[in-house]
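Trainee: Sequence unavailable; structure follows:
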């Protein structure tokens, strides 16, 4: 319908321009014909002010009726009878000047919960704290990406307050009253089905997807589109984290003591082995000496044999004088 009105307006403007050109052409042709037939044509100045005035007025009116909607917005038409259900999207539209346009942002907004100072929408720490399946509370830094549903811009205009003032007031009100509350609820319900270890480690993406589905349903009631949920960081409360750290330190100390005990047990085992080896060696040497003594007792000549085996081939010089060359048996004969 809007495109048809634009075409009609342009056609009217073109028609008036064509009439002016035709009048100019007809006057010029008639003057030329009179001059060629010998008639005296009085000098006359033709006035085209009236047609041009009409064209100018129509152009101004058309400009007053034409409005442009940007690529990042939609517009809702407020007529004297109320809000029109039709939404004006990006492009040129004809809107009567007695109607009012409410332009609404259709881009993606991001609401952030963060435990860090000045990072989120709130100046102080604003992480989402929710209990897990075990009743342990865990904190989360979360970002919610959302936008209005452009097709329901008239409903949002009628039902959402602009209490904060300015063009962004309506969106700030949506974030503080819809996004914030519904996001906290969806994440709390989802996290309550998981243990702290699952939340902290390997189930985070699963929790994020489940929370997204919950929040998407909740926001659809208000004709808001959920684009994404990002769980950026997960952490324990300080007391629980301290207890975990103490537990880890105790476990590490227990492991160290176990290792020390293992080392001592190994040392004791080695000492026992060394002891048994020494005992066995001593017993062997004692038994060897006993056998040797028994052998000597049974056969005294073994001493001479041992002396010969250990002799280095040199004759003693301190027995019977030097150079005697005789080995004497000093033992008394029986």
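Mentor: On my side now, so go ahead. Being a predicted model, the structure only gives us computed values, none of them experimental.

Trainee: Quick check: which element contains residue 139?
Mentor: According to DSSP states H and E, residue 139 maps onto strand 137-148.

Trainee: what sits against residue 144?
Mentor: By CB atoms under 8 Å, 6 or more residues apart in numbering, the contact list for residue 144 reads 110-113, 179, 183, 215, 226, 228-229. For every residue, glycine as well, the C-beta is placed using N, CA and C.

Trainee: Please repeat the previous calculation with a cut-off of 7 Å.
Mentor: 110-111, 179, 183, 229 (CB atoms under 7 Å, 6 or more residues apart in numbering).

Trainee: Sitting in strands, which of the residues you listed do you find?
Mentor: Among the contacts of residue 144, the residues falling in strands (DSSP state E) are 110-111, 229.

Trainee: Would you convert the residues you listed into CSV that also reports distance to residue 147, neighbour count and pLDDT?
Mentor: Listed next are these as CSV, based on distance: CB to CB, whole Å; neighbours: other CB atoms under 10 Å; pLDDT from 0 to 100:
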residue, distance to residue 147, neighbour count, pLDDT
110, 10, 14, 93
111, 12, 20, 93
229, 14, 24, 93
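
Trainee: Go through these and name the one nearest residue 123.
Mentor: Nearest to residue 123 among these: residue 111, at 14.6 Å, using CB to CB.

Trainee: my guess is that closest one contacts residue 175, does it?
Mentor: Yes - taking contacts as CB atoms under 7 Å, residue 111 lies within contact range of residue 175: 4.8 Å.

Trainee: okay, and the common contacts of these two?
Mentor: Contacts common to residue 111 and residue 175, judged by CB under 7 Å, 6+ apart, are residue 121.

Trainee: Can you classify residue 71 by secondary structure?
Mentor: Of the three states, residue 71 takes coil according to DSSP: H, G, I helix; E, B strand; the rest coil.

Trainee: For it, grab the count of nearby residues.
Mentor: 9 (other CB atoms under 10 Å).

Trainee: quick one: it and residue 225, what's the gap?
Mentor: Distance, residue 71 to residue 225, using CB to CB, to the nearest Å: 17 Å.

Trainee: and which of the ones in strands among the contacts of residue 144 is nearest to residue 196?
Mentor: Using CB to CB, those come closest to residue 196 at residue 229, 19.9 Å.

Trainee: Now that closest one. Nearest residue, chain neighbours left out?
Mentor: residue 212 (4.5 Å; CB to CB, 6 or more residues apart in numbering).

Trainee: Other residues contacting the helix or strand that contains that neighbour?
Mentor: Assessed by DSSP H and E, residue 212 sits inside helix 204-220. Helix 204-220 is contacted from outside by 146, 178, 182-183, 186-187, 189-191, 194, 199, 226, 229, 231, 234, using CB under 7 Å, 6+ apart.
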